[in-house]
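Asker: Build me a model:
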Amino acid sequence: MPFNLPNALTWLRILLIPLFVAIFYLPDGWVPKHAINLTATAIFALAAITDWLDGWLARRLNQMSAFGAFLDPVADKLMVAAALIVLVDLDRASVDVALIIIGREIAISALREWMARLGRSGKVAVSFIGKLKTTAQMIAILLLLYHDPIGDWQYTPIIGRGLLYLAAFLTLWSMLHYLLMAWKALRNAPAS
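Answerer: Numbering: from 1, shown residues only. Predicted coordinates:
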C-alpha cells in the first residue's frame, strides 16, 4: 500500500465519516441544531473537495496507484451512503431514493469489477451522465444536510429534495447506460 498525499486524502475522507455521522447524534441541547447542520455540511463539503483533490494530485504528482484507484471510489461510496442514511433517518430524504442511489453504486461497482476481470473495464468507464448524476447528488446532499434557510431564501430543503430525485433518475439512467455498454461488449466478444 503506497503512502502518498493522494492516498492520505482518501483515508481522511474515510476517517471523516464517523465524525460526520456522530455530529447528528449528539445529545439534545449540546449543540444548536443550526450548528449541527452547518458542521455536517462543512464536513461533507471537505470530503467532496478531498475527492476532487486526491485525483488531481495523483495525476499532477504522478502518484497514481492501483491501491488509490481501488480506495478512492470506496471512500466516495461510503461517504455518500452514510449521508443518505443519515438524511433518511432525519426524514430529509426518502428511503426509495436512498435505496436507488446506494443500490446502483453497489451494482455498478460489481459490474466494473467483473468487466475488469474480463479485460473490458474501458467499456464501463465513467460517462457524462454519471458525472451529471454525481453533481446533482452532491449538491442535493449538501442542501439537505444544511437544511436551514440561506439568508431570505427558504427553499433549501425543497431544492435539495428535487435535486436528489433528479439524481435518482440520472442514477437509473446511468445504470442502464453502463449495463447496455457492458452487454454490447460481452455480446460482441469472441467466445472463449
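
Asker: tell me which residues of the helix ranked longest in the chain are tucked away?
Answerer: When the chain is parsed with DSSP state H, its longest helix is helix 156-187. Within helix 156-187, the residues that count as buried by 16 or more other Cβ atoms under 10 Å are 156-157, 160-161, 163-168, 170-171, 174-175, 177-178, 181-182, 185. C-beta: built from backbone N, CA, C; applies to glycine.

Asker: Equivalent analysis for stretch 84-93, please.
Answerer: For stretch 84-93, burial by neighbour count (16+ other Cβ under 10 Å) applies to 84, 86-88, 92-93.

Asker: Take the helix or strand harbouring residue 82, keep the C-alpha atoms, and write them as PDB.
Answerer: For residue 82, the host element (DSSP states H and E) is helix 66-89. The C-alpha atoms that make up helix 66-89 are tabulated as PDB, following Å, rounded to 0.1, in the frame of the first residue of the first chain:
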ATOM      1  CA  ALA A  66      -3.700   0.500  -8.000                       C
ATOM      2  CA  PHE A  67      -4.500   0.900  -4.300                       C
ATOM      3  CA  GLY A  68      -5.500   4.500  -4.700                       C
ATOM      4  CA  ALA A  69      -7.700   3.600  -7.700                       C
ATOM      5  CA  PHE A  70      -9.400   1.000  -5.500                       C
ATOM      6  CA  LEU A  71      -9.700   3.100  -2.400                       C
ATOM      7  CA  ASP A  72     -11.000   6.300  -3.900                       C
ATOM      8  CA  PRO A  73     -14.300   5.100  -5.200                       C
ATOM      9  CA  VAL A  74     -14.800   3.000  -2.000                       C
ATOM     10  CA  ALA A  75     -14.400   6.200   0.100                       C
ATOM     11  CA  ASP A  76     -16.800   8.100  -2.200                       C
ATOM     12  CA  LYS A  77     -19.500   5.400  -1.900                       C
ATOM     13  CA  LEU A  78     -19.100   5.100   1.900                       C
ATOM     14  CA  MET A  79     -19.500   8.900   2.400                       C
ATOM     15  CA  VAL A  80     -22.500   9.200   0.100                       C
ATOM     16  CA  ALA A  81     -24.200   6.100   1.600                       C
ATOM     17  CA  ALA A  82     -23.600   7.400   5.200                       C
ATOM     18  CA  ALA A  83     -25.000  10.800   4.200                       C
ATOM     19  CA  LEU A  84     -28.100   9.300   2.600                       C
ATOM     20  CA  ILE A  85     -28.700   7.000   5.600                       C
ATOM     21  CA  VAL A  86     -28.500  10.000   7.900                       C
ATOM     22  CA  LEU A  87     -30.800  12.000   5.700                       C
ATOM     23  CA  VAL A  88     -33.300   9.200   5.600                       C
ATOM     24  CA  ASP A  89     -33.100   8.900   9.400                       C
END
